[in-house]
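# One predicted model, sequence on top.
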Amino acid sequence: MRLLTLFAVLLCAISAMAAAPTALTVVSITPQDVALANNATDRTNGNKVANANCDVFLFLKNAHASNPGSVIIRNQLNAVQVPGFGSLTLGSLVVTLAVGEVRHVGPFSCASWNNSDGNVIVEYNQTGEIQVSPLRAVRP
């Protein structure tokens, strides 16, 4: 009986030591125009973004006063073989931005999004004034 009581007391002590989880402080990162300078977008030929480490993502903003805009990221794989399904065609990523909208897309995997030169290809429609800032996700 003593052993059972001792076990119950020990179990209660261990339970008491399992306190509530410690909260982590969330740091807000506010993009600034200086840090995220808009690149000149080539609406005729598109832009390329070096993505050798598969860690690039894009900060997109439609700065047009009244028109929506779209960004197209070209998928570089024509098709992939999926067991049980066969050959599947992959499409490009189309991001539509409302007036003033800001979006983040990426990071882009090298296998799907890089062309033979290691670049992600970005194209635009002609209605919005799209601002694009490529960013690299730095991993510790």
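Everything's here; your move. Numbers count the residues shown, from 1 in each chain.

# Verify the stated contact: Ser133 with Phe59.
Yes: between Ser133 and Phe59 a contact is recorded at 4.2 Å, counting by C-beta atoms under 8 Å. Where you see a C-beta, it was placed from the backbone N, CA and C, and this is true even at glycine.

# Report the rounded mean pLDDT for stretch 54-66.
Across stretch 54-66, pLDDT averages out at 87.

# Pull out the buried positions in it.
The neighbour-count check on stretch 54-66 (16 or more other C-beta atoms under 10 Å) flags 54-62, 64 as buried.

# can you tell me which of the residues you listed are in strands?
In strands, judged by DSSP state E, the following of those are found: 56-62.

# Let me have those in a markdown table, adding distance to Val95 as columns.
A markdown table is the format used below for those (distance: C-beta to C-beta, whole Å):
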| residue | distance to Val95 |
| --- | --- |
| Val56 | 15 |
| Phe57 | 12 |
| Leu58 | 8 |
| Phe59 | 12 |
| Leu60 | 6 |
| Lys61 | 11 |
| Asn62 | 10 |
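
# Flag the shaky bits of the protein, pLDDT-wise.
1-45, 126-128, 137-140 (pLDDT under 70).

# I'm done for today, thanks for sticking with me.
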